[in-house]
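Asks: the following block contains a protein sequence and its predicted model.
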Amino acid sequence: MILLIDLCYRPHSLGEDEFVRPIADIVKRCGYQSEMCHFTEWESVAMDTVEAVILCGTPLRDTLFKERPECFTWITESPVPILGIGAGMQALVIAYGGNLEPNSEIGMTTIRGVSDADPIFCEKQWTAYELHRFSTVPENIFMILAESDACIQAIRHREHPIYGVLFHPEVRNIWVVERFLSTHVCHNIIPSSE
């Protein structure tokens, strides 16, 4: 099961439909089951069934998550792969001691891959949708995988399968989520009875 964490200001807000449900649809098309929970309720999830976590984005002015860093301390001890999208990347960076800085972007942006040694980000350039008020200043524990003219767009932890993307792959780059799942999550296939 893939755990989708809603980072919007309250559970079941309108942001859930825009930022979490599209990721749930991608996960389902890839053949995985998912469960959603709000970032303030993550402790209620039975983690023994979780194969990966996706921290979903938020609306532009929805930044409550960054005022609640205690809700993300579990990230540094996570035994499963994590993908942070938009605000999710920001939460990852905060959990590992990095910082955010003001940097608003809305709309399409050209992104350049800076490493071809990663199974998810092997393209040299692509166009992606941006919707953020802050960019990230990650600690050195993260490798930079992609950048735009404005800021860092994708990172990976140097030792664990923990990724962050500032752009929103659910809009135009679903291959990010597909590759994350196919590379870092094993399907629990039930053998046929034949």
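Replies: Right, received. Where do you want to start? Residues are numbered from 1 along each chain as shown.
Asks: what sits closest to Ile85 if chain neighbours are left out?
Replies: With Cβ to Cβ, 6 or more residues apart in numbering as the criterion, Ile85 has its nearest non-adjacent residue at 4.9 Å, and that residue is Gly57. The way it works is simple: take the backbone N, C-alpha and C, and place the C-beta from them, glycine included.
Asks: for the one you found, what are phi and psi?
Replies: Backbone torsions for Gly57, taken as degrees, to the nearest 10, come to phi -80, psi -180.
Asks: so what's the residue count around it?
Replies: Residues near Gly57, counting by other Cβ atoms under 10 Å, number 31.
Asks: cool, the one 10 residues further on as well?
Replies: When neighbours are counted by other Cβ under 10 Å, Glu67 registers 9.
Asks: confidence score at it?
Replies: At Glu67 the predicted local distance difference test score is 93.
Asks: quick check: beta-bridge partners of the spatially most central residue of the chain?
Replies: Nearest residue to the geometric centre of the chain (Cα atoms, centre = their mean): Gly84, 1.8 Å. Note on Gly84: beta-bridge partners by DSSP bridges are Leu55, Gly164.
Asks: tell me if I'm right that it and Tyr96 touch.
Replies: No - applying Cβ atoms under 8 Å as the test, Gly84 and Tyr96 come out as separate, 10.8 Å apart.
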